[in-house]
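# predicted model and sequence below, questions to follow.
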Amino acid sequence: MTPQDARQYAPATERNREPILEILLQVLPESGTILEIASGTGEHAVFFASRLSPRLWLPTDANLELRASISAWTEHNACDNVYSPLELDVREPVWAVEKGEVTQWLDKEPIVAIVNINMIHISPWSACLGLMAGAGRILKAGGILYLYGPFKQGGEHTAASNAAFDEYLHTQNQEWGVRNLDDVVAAARAEHFILKQIYQMPANNLSVVFERAANE
């Protein structure tokens, strides 16, 4: 099997990558390393990295097969600003990037932003809490945390399709579900993040942007 054979495909990627890129271009720092949590197939990683240079893109995933897919996509697209994918589970008390396991460019281009797309509704709530805790440890004041996905607002679904999707998620795993944005903001605030902006996105999704505040 060649590395390219390991490429996996997520149909939603082609639908949402352009709208997400439009927001990332507005909110990300102009240089530095962007840490992507739960990169999945790697399609987002290569699409964004090629359009966000000179920023560097550090993809991660807990799943071995998905990390192989990320590597295959990176090779296929000949991306020279994408790190080798890193194994990372947000629920771990210390992330791999905190252990000095990344040796490529991180010493010269520190992590200035964290991007997380379509994860917190298909993982336990503990994953959201772990994401916030890790982001709080890694990002310095002014660092950006970007989330994308469906959210409840004011405790209510924003569309019938989101309500149906939420019901479906519960049938797959009782710990999954569309999260209440207020709860996500509270979890972020507990780790020294300030809600900076909410953007309405296609298909009843949101882009939610936080900025790391200085420790009090």
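Thanks, I have the structure now.
# Thr13 against Phe48, yeah?
No: Thr13 is beyond contact range of Phe48, at 10.5 Å (criterion: C-beta atoms under 8 Å). Bear in mind the C-beta positions are built from the backbone N, C-alpha and C, glycine included.
# more crowded one of these two?
Ranked by neighbour count (other C-beta atoms under 10 Å), Thr13 and Phe48 place Phe48 first, with 24 against 17.
# tell me the pLDDT of that one.
For Phe48, the pLDDT comes out at 98.
# and it, what is it in contact with?
By C-beta atoms under 8 Å, 6 or more residues apart in numbering, Phe48 lies in contact with Arg17, Ile20, Leu21, Leu24, Ile34, Glu36, Trp57, Val115.
# in CSV: those, plus distance to Leu147.
Below are the contacts of Phe48 laid out as CSV (distance: C-beta to C-beta, whole Å):
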residue, distance to Leu147
Arg17, 16
Ile20, 11
Leu21, 15
Leu24, 12
Ile34, 14
Glu36, 12
Trp57, 17
Val115, 8
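# which one of these has the most neighbours?
Most surrounded of those: other C-beta under 10 Å gives Glu36, at 28 neighbours.
# wait, a strand at that one?
Yes: applying DSSP: H, G, I helix; E, B strand; the rest coil, one finds Glu36 inside a strand.
# what's the closest non-adjacent residue to Ala163?
Leaving aside its chain neighbours, Ala163 sits nearest to His157 (4.2 Å; criterion: C-beta to C-beta, 6 or more residues apart in numbering).
# try Thr60
Spatial nearest neighbour of Thr60, excluding adjacent residues (C-beta to C-beta, 6+ apart): Leu88 at 3.8 Å.
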